[in-house]
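**Student:** build me a model from this:
(2 chains)
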Amino acid sequence: MRVLLIEDDQTVRNFVAKGLSEAGHLVEQAADGKQGLALACQDKFDVIILDRMLPGGVEGLHILETLRREGNLTPVLLLSALADVDEKVAGLKAGGDDYVSKPFSFSELQARLEALVRRNRNEAQPLTKLTVGDLEIDLLSRSVRRGGQKIDLQPREFRLLEFLMRHTGQVVTRTMLLEGVWDYHFDPQTNVIDVHISRLRQKIDKPFEHALVHTVRNAGYMLQE
Amino acid sequence: MNKAQRLVQTNFRKVRIQSVSLRFGLVYSALFISSAVMFLSFVWWGTIGLLDQRVRHSIALDAHALLTEWTREGILGLENLISNRLAQDIDDNAIYLLSAPDGKLLAGNLAHWPVRLDPALSWQTLPVLRDGQLNLAQVRIWTLQGDYHLLIGRDISERTQIQRMLTDAMLWTCLMVGLLAVGGGWIVRTLFRRIIHSINRTTLAITQGDMSRRIPVSGTGDELDDVALTINQMLDRITRLMDGVKQVSNSIAHDLRTPIARARAELEDASSSATSEQALRAAIDQAVINLDNVTGICEALLRIAQIEAGTRRSAFAIFDLATTLRDIAELYEAVADDHDLKLQTDLPAHLPFWGDQAMFQQALANILDNAIKFSPPHGSISLSAWILPSTTAHEREQAGTIRITVVDCGIGMNEADLARAAERFFRAERARHTPGSGLGLALVQAIVELHGGTLRLSHNNPGLAVTIDVPAIHDFHD
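**Tutor:** Here you go, the predicted structure:
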């Protein structure tokens, strides 16, 4: 996918650009707000990574508001050292699609970027069924089957599985799960998510030959055939 | 206005502004003197007016009697009556004079017509020579038929005496009042200055860094004591806050240094002695974890500070606390299960509450995290919430209090730790080896206080009981 990266700090910019290029994405870089806004208006991107505090008089939120005013709906991920709840709310209100606060781990950023682009593509058709390999869930009857065998899941387990299946083949981080499945926006001390994933595995992976839920080291989890 | 005048005026203003106590004293004196002068003036004018009126009245009565006699008995009768009256004048203040058309004096006690008599005026006050004495007199002249002239008057030297006495009294009183006013003003000013100076001295000392100083309290319980007490309380609070800040900055320095030092050591060690790429990566990963830890501490500190500042009320809304607690319990039930612990809940169907839901989730998560972390296997943790029955009338007016308790059978805390557990970075001796930053309960405390509630830790023998009391709101399901 084509990514526009607007970030003034060179170390962070190189780090992100290098990581994304290695993951096979095309990255355009801009070091200040003016250049960033010009690039964003000229070209079509799949996603924009936008720093909030930028030199050159054009601030991140200003770029975002300008784009949205002109009807440009490219998903925007805000990347900022302003980690406040209020700042996040302000960023999302201005039209941002996701918010990652600095310092961040690259895997978190990448996972969120991919989820953002995927969400943008999928939004058109509402799904009633999700299938990965021999695992199948019905979103209407809220039933789960694997290899023709019915699996009973608690409501929360079902939502966890649904979230993983909607992001099939993508890394989802623990924070993404906590936000997406439980709607919690804090960092628990204990491995809450790991415990819930392990419970889910007991039900959908254990009785079967090969596992679908994979652990991605230093990043999170991935559902894959 | 010329330059000199302006200079005088500005100087005058400067003097007035420079000393509030002096101004106070001056205003006090001015008020005192002006009220005394006003009072005495009333007395003066009242007395003099009354005396004047009586003199005129008596002259008018005399005139009536004499004129009646004249119409009845003629000039001779009038002469006789005047002589009689003079003979009977005990007070020796009556003045009569009757003259014939040719100017010859017929009766009376004056040797000649008064020098300064103005024939055009009826009533007049003028000096009159009588028995060799020149005294002030009030007189009136009547011209009778046949060009006879009659003068009736009263010696008012007595009135003059009273007038003088009153004037003297007034002057003396003014002098006394003036002295008293200045003295009183000075005393008031001194009192005023003493208070101001004691406050001033104390605050000055504090400005210069001596936070132990307090304003002396006289113990009489008057308004000045109230001010002194309030200022002292304010100083106590500032001192407490400053101590808190000092302690927190010390802790920050220490608790941030530790993971930074660790990361640094690992990186340096790896840089100099790692033999394989794998070892290098492991060291770097470990350093990243340590740095994440630093970030976590910074974020938690900022969050606590922000909540304590009381500015995070933007997200306040009405929500059902019971549902929130059930959800959190559901999240942690799996974790408890994983640790061979049983998480029991006892929650009502609804608990309407006004607050920040995300904050309460975080607070409960922190408490449950702790309970799970410090409980041995096969124990149990219970989360309950209920509305306390109101006991006083005041409470009944309010919607009551919601009590949330989390009770575990873990290692608990000793008395000293219980008191300090909610301090930032405090970690009990027995908890040192477990992971954590020592900020969890501090955050809970800040959140509960923001919601106008209290956090209490107590023994559960064994284990710890965490009790949160927060004000409830009236049921929105009604």
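**Student:** where is the longest helix in the chain?
**Tutor:** Since you didn't name a chain, this refers to chain A. helix A:106-122 (DSSP state H).
**Student:** please go with chain B instead
**Tutor:** helix B:20-88.
**Student:** run the chain-centre distance for that helix.
**Tutor:** 53 Å (C-alpha atoms, centre = their mean, to the nearest Å).
**Student:** ok, back up a step: elements contacting the longest helix of chain A?
**Tutor:** Judged by 3 or more C-beta pairs under 8 Å, 6 or more residues apart in numbering or on different chains; DSSP states H and E, helix A:106-122 is in contact with helix A:10-22, strand A:47-51, strand A:76-80, strand A:98-101, strand A:172-173, helix A:174-181. Every residue, glycine included, has its C-beta placed from N, CA and C.
**Student:** so what touches that helix?
**Tutor:** With contacts defined as C-beta atoms under 8 Å, 6 or more residues apart in numbering or on different chains, helix A:106-122 is touched by A:1, A:3, A:15-16, A:19-20, A:23, A:46-47, A:49, A:75, A:77, A:79, A:97-98, A:100, A:166-167, A:170-173, A:175-176, A:216, A:218-220.
**Student:** count the neighbours of residue 87 for me.
**Tutor:** Using chain A. 17 (other C-beta atoms under 10 Å in any protein chain shown).
**Student:** hm, I was asking about chain B
**Tutor:** The burial count for residue B:87: 7, using other C-beta under 10 Å.
**Student:** same question for residue B:300.
**Tutor:** 19.
**Student:** quick one: it from chain A, how far?
**Tutor:** 9 Å (C-beta to the nearest C-beta, to the nearest Å).
**Student:** near chain B, which of the contacts of helix A:106-122 show up?
**Tutor:** residue A:218 (C-beta under 8 Å from any C-beta of the partner chain).
**Student:** give me the domain ranges for the chain.
**Tutor:** Since you didn't name a chain, this refers to chain A. Following automatic domain parsing, chain A resolves into domains at A:2-122, A:129-223.
**Student:** wait, I meant chain B there
**Tutor:** Split by automatic domain parsing, chain B gives B:20-163, B:223-305, B:313-471.
**Student:** between these, which one is closest to residue A:36.
**Tutor:** Residue A:36 sits nearest to domain B:223-305 of all the domains of chain B, at 26.0 Å, using C-beta to C-beta.
**Student:** how far off centre is the closest one?
**Tutor:** That offset, for domain B:223-305, works out to 41 Å (C-alpha atoms, centre = their mean).
**Student:** cool, and stretch A:53-67?
**Tutor:** 23 Å.
**Student:** and the contacts of it?
**Tutor:** A:6, A:8, A:32-37, A:40-41, A:48, A:50-52, A:74, A:76, A:78, A:80-82, A:90-91, A:94-96.
**Student:** need the residues of chain B near chain A, please.
**Tutor:** B:285, B:288, B:291-292, B:295-296, B:299, B:302, B:306, B:312, B:314-315, B:327, B:330-332, B:334-335, B:337-338, B:358, B:361-362, B:365-366, B:369, B:372-373, B:435-436, B:440.
**Student:** would you turn the domains of chain A into TSV with mean pLDDT?
**Tutor:** Output for these, formatted as TSV (pLDDT from 0 to 100):
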stretch	mean pLDDT
domain A:2-122	89
domain A:129-223	89
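**Student:** out of those, which is closest to residue B:160?
**Tutor:** domain A:2-122 (88.5 Å).
**Student:** quick revisit: PyMOL command for the buried members of the residues of chain B next to chain A?
**Tutor:** For the buried members of those, the matching PyMOL selection, counting by 16 or more other C-beta atoms under 10 Å in any protein chain shown, is:
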select buried, chain B and resi 288+292+295+299+306+312+327+330+331+332+334+335+338+358+361+362+365+366+369+372+373+440
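**Student:** give me the most central residue, chain A.
**Tutor:** residue A:112 (2.1 Å; C-alpha atoms, centre = their mean).
**Student:** gap between that one and chain B?
**Tutor:** 17 Å.
**Student:** residue A:178 now?
**Tutor:** Counting by C-beta to the nearest C-beta - residue A:178 and chain B are separated by 9 Å.
**Student:** for that residue, the count of nearby residues, please.
**Tutor:** 19.
**Student:** contact partners for it?
**Tutor:** A:184-186, A:188, A:192-193.
**Student:** swap in residue A:182?
**Tutor:** A:156, B:327, B:331.
**Student:** now the closest residue to chain A within the stretch 151-300 of chain B: which helix or strand?
**Tutor:** Per C-beta to the nearest C-beta, residue B:295 is where the stretch 151-300 of chain B lies closest to chain A, at 5.3 Å. Using DSSP states H and E, residue B:295 sits within helix B:277-308.
**Student:** about what we covered before: among the contacts of residue A:178, which ones are in helices?
**Tutor:** Going by DSSP H, the helices hold A:192-193 from those.
**Student:** could you export the contacts of residue A:178 as a markdown table, including neighbour count?
**Tutor:** Converted to a markdown table, these look like this (neighbours: other C-beta atoms under 10 Å in any protein chain shown):
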| residue | neighbour count |
| --- | --- |
| A:184 | 20 |
| A:185 | 13 |
| A:186 | 19 |
| A:188 | 20 |
| A:192 | 23 |
| A:193 | 24 |
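**Student:** run through the bridge partners of residue B:154.
**Tutor:** residue B:94, residue B:138 (DSSP bridges).
**Student:** tell me the contacts of it?
**Tutor:** Applying C-beta under 8 Å, 6+ apart to residue B:154 gives the contacts B:55, B:58-59, B:93-95, B:137-139.
**Student:** what do you get for residue B:46?
**Tutor:** If you count contacts by C-beta under 8 Å, 6+ apart, then residue B:46 has nothing around it.
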